[in-house]
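J.: Just to be clear, the model below is a prediction. Sequence and coordinates:
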Amino acid sequence: AQKITQTQPGMFVQEKEAVTLDCTYDTSDQSYGLFWYKQPSSGEMIFLIYQGSYDEQNATEGRYSLNFQKARKSANLVISASQLGDSAMYFCAMREGMEYGNKLVFGAGTILRVKS
Amino acid sequence: DTAVSQTPKYLVTQMGNDKSIKCEQNLGHDTMYWYKQDSKKFLKIMFSYNNKELIINETVPNRFSPKSPDKAHLNLHINSLELGDSAVYFCASSPLAGGPSIQYFGAGTRLSVL
């Protein structure tokens, strides 16, 4: 079974508008972490935002926020005021309990294109 | 100063050759990783080392051998390269425990096997 599902292979958004990238996850662990990474066309992996399973508040980092709905096992990334430089591939990832050695399991990614 | 640096950035080689990719981190992290990103952009863990000790080996062929001379370095050696080894290989590092344990990635090494 897929541990991380990103159902949107590609998304378009108009510059300056907000966009939500979907991510659902599957785990039986109580303690886990959820991450979003950005991969621009240059290829590097850039950490954006983290949400812990016990965090009661949704994480925010500048224009990025994470809409965490634990009961629905979703961790959607919201990018506000989109910029042309936001065009990239976005990956959702999960780290389960420590017995898994701290590895990240990634989703298939969503390509975001920001239109001017 | 690059936090996680990998060399080389590009590697083109013939089938059957042996090659190495080097990784160094200056973040003082305990744990280092190798991930493989295939042609469909799917990322998967290969290995994880904590303080020079192997803690994850994710059913990777034994042609791949990681080596950690110290906790700041994790190199990947690949023997008898095959066409299917063509991919982007990412090194990453993180603190092992405490807090979010965020993994920071290097810029990747694009390996092309001809």
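T.: Nice, thanks for sending it over. Residues are numbered from 1 along each chain as shown, chains lettered A, B, ... in the order given.

J.: make it CA atoms for all contacts and neighbour counts henceforth
T.: Will do.

J.: Quick one: mean pLDDT over stretch B:48-56.
T.: Model confidence over stretch B:48-56, given as mean pLDDT, is 86.

J.: nope, stretch A:76-84 is what I was after
T.: Per-residue scores along stretch A:76-84 average to 98.

J.: and it, how far from the chain's centre?
T.: Centroid separation for stretch A:76-84 versus its chain: 11 Å, with Cα atoms, centre = their mean, to the nearest Å.

J.: ok, the residue in chain A that chain B sits nearest to - how many residues close by?
T.: Here the residue of chain A nearest chain B is A:Glu44; by Cα to the nearest Cα that distance is 4.5 Å. Close neighbours of A:Glu44, defined as other Cα atoms under 10 Å in any protein chain shown, add up to 16.

J.: That one in helix, strand or coil?
T.: coil (DSSP: H, G, I helix; E, B strand; the rest coil).

J.: That one and B:Arg110 touch, don't they?
T.: No - the criterion here is Cα atoms under 8 Å, and A:Glu44 misses it with B:Arg110 at 11.1 Å.

J.: wait, what's in contact with the spatially closest residue to B:Phe64 that is not a sequence neighbour?
T.: Once flanking residues are discounted, B:Phe64 sits nearest to B:Ile78: 4.6 Å by Cα to Cα, 6 or more residues apart in numbering or on different chains. Neighbouring residues of B:Ile78 by Cα atoms under 8 Å, 6 or more residues apart in numbering or on different chains: B:18-20, B:63-65.
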